[in-house]
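Enquirer: When you get a sec, could you give me coordinates for this:
(2 chains, ligands or ions: 3)
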Amino acid sequence: MAKYGMVIDISRCTGCRACMEACKVENNTPQGSFFMYVFRFEEGEYPNTRIWFMPRPCMHCDNPPCVKVCPVGARYKMAEGFTATDWDRCIGCRYCEVACPYGVNYFNWRNPAESHYLNWEDDREIELILDGEVLPYANPDLELEYGPEMRHNAGGGRLKGVVEKCTFCIHRVENGLDPACAANCPTNALHFGDLEDPESEASQILHEQSGFQYLEDVGAEPRVHYVGGHPPTTETREIEIVNVRV
Amino acid sequence: MKLTRREFLKLSGITGGTIAASSLLSGGLKTLIAGAKGSLTTVDERTPTTCWIGKQECGLLVRKVNGRVVKIEGHPAHPRNQGTLCPKGISQIMALYDPNRVKTPLLRTNEKGIPGEWEPTTWDEALRIVGERIKDVRARDNDLLVWQKGRSKAGNFYDTAFVKASGATKLHHGGFCSDAGYRACEYTIGLHGVLHPDFRHARYVLSWGWNATNAGGNKLCWLTWPRQLVKAREAGMQMAVIDPRLRGAAHFADDWLPIRPGTDLAMALALCNGLIEEGTVDWDYLRQYTNSPYLVNEEGNFVRDGDTELVWDQASGMAVPHDTPNVDAALEGAFDFDGEQVRPAFQVFKEHIAEYTYEMAEEICGVPAQKIQKVAQDLGENAMIGSSIEVEGSVLPYRPVSIMAYHMAQQELGFQAIRAMLMVTMLLGAVGAVGGQRSDFTWKIHGNYEKLDEIEIGDPPYNIYLKNSQYFPINSNNSSLVSWVQQNPENYGVDTIPEVVILHMVNPLTAFPDQRVMIDTYKKFKFVAAIDPWLSKTADYFADVILPAATLEKYEGPMGVSDQYTDAQSLRVPPVEPLFQSRGEIDIYIDLCEHADILYGEGGYIDQINQAFRFEEDFALPLNSKPATRDIFDRWARSEGIEEGVEFFEQIGLHDKGSVPATSYYGYATDPVFGGAVHRLYGESLLGYQREMRARGVDEIYWQDYTALPTWRKPTMDLSPDDYDLYLISFKMIEFKQSRASQIPLLAELAPQSFLEINPVTARERDINDGDEVWVESHNAVTLETRRVKVTAKYRESIRPDVVGMPHHYGEVARHPWAQGQGPTPNELFFTGEGYVANTADQSFHVKVKVSHV
Ligand code: SF4
Ligand code: SF4
Ligand code: SF4
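Expert: Ligands and ions are numbered 1, 2, ... in the order given. Okay, the predicted model is just below:
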């Protein structure tokens, strides 16, 4: 069985945030919700300054604190490596959000229809095109159930009062496609694949280059690995911050 | 799991028959144990088309479900983007369905100069009104009509056809972008472009003001260059960065030289001087392919026999025509010719730049001398002068060093600065060599190579952009300067002020400096029509009529989409019908021309389209019946030998032309070498223009940079009083492009507000904290005017302490919920006119400012 993970090559990342946008459109996430977030960092003092970028999806941890605290089993671990969220089951207690050391969980404070960027509903012509969908680009694939357990675990922007996060694009992976972020990265910085398979591109990159895991010492055992750089330190300052709350 | 370019081409049999792109991408490969439950009773299809935001026309596959666009992805076989997109490309889906687009033709009902009040009207009525105005001014004087466009997307045949059919004066955006660099390269090596590397073979690149992680570079948008950059770096390429800010190059910089703005010319000449001192010079190249050996007399003119320039033959000790076979031409020394001292141009150059030592450059540029010296040494070493390499069976000179430079050309000394930078790689023999300096994708010599060398300065009256004038003999046609001239036409020998302007997807009020001048000028136009999907600020304040254009849902093209190594052709085809009442531009122009009586017959719009495409015989559009836009492209495709016609593009999206052969790519491999152009180290004609300008009595500020060799002087802005102690520069962000992106909510969310980058040391001296509101006040050293904006300060250790920076492209669209309160554009602080434009009329984006706490 394939067991998926992601290897992120920091040396290739240009901080363009196209991955964030590919994710948003693919997964229909509402305003302020970034299943993928790209940090833009500055270090050092002029003129010995360094700028670098760090994409941050959900880490899909093998020892996931979020799963342990979920009282209803809505957050669950799949044998294929995914840390999944069943949006149908989520009760919005936000324990996962608190437990996660990485800040990748987003609570839908509002009905997503009200935080989908623009008012799509007051326009007759748009309404005709949308035919009842909230977002003009609503992705029908997200309605289906995925994985051996057949649960509602794809996409975002679903209901008010649930927590959502990166799904590793299970709806795409199941159909043989790379996750939206990885498929789109212009410089190929994101490598998704079967980390158990030594032949996969992701495994090979991980094998060839020394990597690190983000906040390795908290022991969550991320399935996302970084190569081509170093972890952020206390000297690392974030610049061009995107406000993640609406 | 990613469909590669090769796989796509194989699957689609792209050179042969057609297969719908939609049939290539249905997944099928199940990797999980169970498949998805449920079935989609839907039509799931993919339409190939072309990005509508950026300049490089990335290929798209638009996924539609039941006719509704649900995702825009990169076209896997497109040479430039290979299945990927930048954040703008992805996000344009929201622009397509944005209910804030201009939905119907609009007529203004209130006075101009304030936000408009609009009344919807029919296309027929709107076109009739605009058509009447065109007819009216054309009947009096063609010069009364101006047509202005921002960046043209998708080739410009239909623009040109309109300009020719109507006789309008054309204004565009080049004078703001990089045109000073284009002129420098056209003049010096005959190529239409600025500077970029041959990344496949590059070992050492000087990224000179290249905003690699945010903006395009020469000829291409952001996306393709970083792809090539990352590959090259993984193959070992080193990159030194000359830029007041590090943010652009980020971690791709191996070395950073934070240069003082406006001093690039001095740095380049110091590098030239260093290379000569270190002896890392490609003498063979200079002797054979440049005018370096041509003898220059004491007045600065070439010595000629008839029309032929002479060189000093070292074997015979005589001046002989430069094309004498087996001549052993001297590059250095001084010789006696007919009782006059003559020197090879290279000797003149060498003496001219001798004062540009590393120490002098340190003083001017604010970068330590050793750092500049290190760059000169790295350039010299990596150039591997004398080496060669085999490419596609030919052995060619191998000089894997080059410069990437583009937008930085827009500075007061821009034309000569780019010339000086080109001279750095000329000395190394890197121009056109493998791994070396590039300026265009192929070695096609541009008409300006000759034209710019033989300009005949005319007598007034001049047209509004001062073409062939005594003020700007080489002239990039800068719309800011046009507005400036319109304020006081009598000062420039201009006697016809246009009355009617057609704005096509252009927003001068926000996009161009100086904003106050822009406002005054557009107020004076008697009639303004805007063709745009958005209510631009300019349209909101000044348009009489707005014609709603479609975004990407239209036919446009054709486009050449080379990534410099692989060539292809593409079209923009509508994935859905134009939304609301919007229409594709070509449809709009056809109907507009009909209303203006310039559609049919010889010289009309249809005829101009025939000429633009060289449609002959069967392919020619009949001059007496209105063509359908799709039919124009169908004819074009067939005339190119594509049997399936436009359908080919509707299905596949891309006509692959294969890899660019070395014989058109490398200057040394073309026949004749370098397309036959002699590279102009020495600019004799530039000096000629100076003489004529002086003879005509124009002020020094116009002629001072018309020198045969680039010559450093302080930029005019440095004359501002000392309390304007900081330089303001501007930059682009990856999120935005011109007036097409800052209102797209997905992008505006990422970068909601304009800001001022300031070094913390500079900020603290002024009691400014990170995130504080500050005043930025600019000063015009010529007119003594000032301008002021309020903006949020952001601490950055990645910018020089004497420099502050602001991003472009905020607040372009009026009354859009996501463009509200985005904050100021730096164009409110920059000036135009004397001192703030180059000798080629190109706009400068530099000014001295002071910054204080609000
Ligand atoms: S798309 Fe790629 S290069 Fe751009 S920010 Fe994401 S990971 Fe980095
Ligand atoms: S894997 Fe999918 S859900 Fe996760 S960050 Fe990437 S695009 Fe978003
Ligand atoms: S790089 Fe330019 S052309 Fe390509 S997707 Fe982005 S905006 Fe469009």
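Enquirer: Tell me which residue of the stretch 201-350 of chain B lies closest to ligand 1.
Expert: B:Pro226 (7.6 Å; C-beta to the nearest ligand atom). The C-beta positions use only the backbone N, C-alpha and C, and glycine is treated the same way.
Enquirer: so what's the closest residue in space to that residue that isn't next to it in sequence up against?
Expert: In space, and not counting its chain neighbours, B:Pro226 is closest to A:Thr14: 5.0 Å by C-beta to C-beta, 6 or more residues apart in numbering or on different chains. A:Thr14 sits next to A:Phe53, A:Pro186, A:Thr187, A:Ala189, B:Ala212, B:Thr213, B:Pro226, B:Val230, B:Ala250, B:Ile734 when contact means C-beta atoms under 8 Å, 6 or more residues apart in numbering or on different chains.
Enquirer: Next step: these restricted to helices.
Expert: B:Pro226, B:Val230 (DSSP state H).
Enquirer: now, which of the contacts of A:Thr14 lie close to ligand 2?
Expert: Among the contacts of A:Thr14, no residue lies close to ligand 2 (C-beta under 6 Å from any ligand atom).
Enquirer: Out of the contacts of A:Thr14, which comes closest to ligand 2?
Expert: A:Ala189 (12.0 Å).
Enquirer: Would you check how far apart the closest one and A:Cys16 are?
Expert: 10 Å (C-beta to C-beta, to the nearest Å).
Enquirer: and if you look at B:Arg766?
Expert: For B:Arg766 relative to A:Cys16 (C-beta to C-beta), the value is 33 Å.
Enquirer: These two: who's more crowded?
Expert: For B:Arg766 versus A:Cys16, neighbours defined as other C-beta atoms under 10 Å in any protein chain shown are more numerous around A:Cys16 (26 against 15).
Enquirer: so when I look at the more buried one, I'm seeing a helix, right?
Expert: No - read with DSSP: H, G, I helix; E, B strand; the rest coil, A:Cys16 is coil and lies in no helix.
Enquirer: Run the chain-centre distance for stretch B:774-785.
Expert: Chain-centre distance of stretch B:774-785: 27 Å, with C-alpha atoms, centre = their mean, to the nearest Å.
Enquirer: actually stretch B:780-788, sorry about that
Expert: 28 Å.
Enquirer: Quote the end-to-end distance of it.
Expert: From its first residue to its last, stretch B:780-788 covers 12 Å (C-alpha to C-alpha, to the nearest Å).
Enquirer: For stretch A:82-100, output the C-alpha coordinates as PDB.
Expert: Extracted as PDB, the C-alpha positions of stretch A:82-100 are listed here (Å, rounded to 0.1, in the frame of the first residue of the first chain):
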ATOM      1  CA  PHE A  82      -3.400  11.100   5.100                       C
ATOM      2  CA  THR A  83      -4.600  12.900   8.300                       C
ATOM      3  CA  ALA A  84      -8.100  13.400   7.200                       C
ATOM      4  CA  THR A  85     -11.100  15.400   8.400                       C
ATOM      5  CA  ASP A  86     -14.600  14.100   8.000                       C
ATOM      6  CA  TRP A  87     -16.500  17.400   7.600                       C
ATOM      7  CA  ASP A  88     -19.800  15.600   8.000                       C
ATOM      8  CA  ARG A  89     -18.700  14.400  11.500                       C
ATOM      9  CA  CYS A  90     -16.900  17.500  12.700                       C
ATOM     10  CA  ILE A  91     -18.700  19.200  15.600                       C
ATOM     11  CA  GLY A  92     -16.500  22.300  15.600                       C
ATOM     12  CA  CYS A  93     -15.100  21.900  19.100                       C
ATOM     13  CA  ARG A  94     -11.700  23.200  17.800                       C
ATOM     14  CA  TYR A  95      -9.700  20.800  20.000                       C
ATOM     15  CA  CYS A  96      -7.600  19.800  17.000                       C
ATOM     16  CA  GLU A  97      -6.900  23.500  16.300                       C
ATOM     17  CA  VAL A  98      -5.500  23.900  19.800                       C
ATOM     18  CA  ALA A  99      -3.600  20.600  19.800                       C
ATOM     19  CA  CYS A 100      -1.900  21.100  16.400                       C
END
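Enquirer: what residues are up against B:Ala793?
Expert: Contacts of B:Ala793 (C-beta under 8 Å, 6+ apart): B:Phe755, B:Leu756, B:Ile758, B:Ala763, B:Ile768, B:Asn769, B:Asp770, B:Gly771, B:Asp772, B:Glu773, B:Val774, B:Val851.
Enquirer: hang on, it in a helix?
Expert: No - counting by three-state DSSP, B:Ala793 is not found in a helix; it is strand.
Enquirer: so what pLDDT did it get?
Expert: Looking at B:Ala793, its pLDDT is 98.
Enquirer: cool, and B:Leu32?
Expert: With respect to pLDDT, B:Leu32 has a value of 50.
Enquirer: quick one on the thing from earlier: let's see which of the contacts of A:Thr14 end up in strands.
Expert: A:Phe53 (DSSP state E).
Enquirer: Adding distance to ligand 3, write the contacts of A:Thr14 out as JSON lines.
Expert: Formatted as JSON lines, these follow (distance: C-beta to the nearest ligand atom, whole Å):
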{"residue": "A:Phe53", "distance to ligand 3": "17"}
{"residue": "A:Pro186", "distance to ligand 3": "8"}
{"residue": "A:Thr187", "distance to ligand 3": "12"}
{"residue": "A:Ala189", "distance to ligand 3": "16"}
{"residue": "B:Ala212", "distance to ligand 3": "13"}
{"residue": "B:Thr213", "distance to ligand 3": "13"}
{"residue": "B:Pro226", "distance to ligand 3": "10"}
{"residue": "B:Val230", "distance to ligand 3": "15"}
{"residue": "B:Ala250", "distance to ligand 3": "18"}
{"residue": "B:Ile734", "distance to ligand 3": "9"}
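Enquirer: how close does whichever residue of chain B sits closest to ligand 2 get to A:Cys166?
Expert: Per C-beta to the nearest ligand atom, B:Ile90 is where chain B lies closest to ligand 2, at 11.0 Å. Between B:Ile90 and A:Cys166 the computed distance is 17 Å (C-beta to C-beta).
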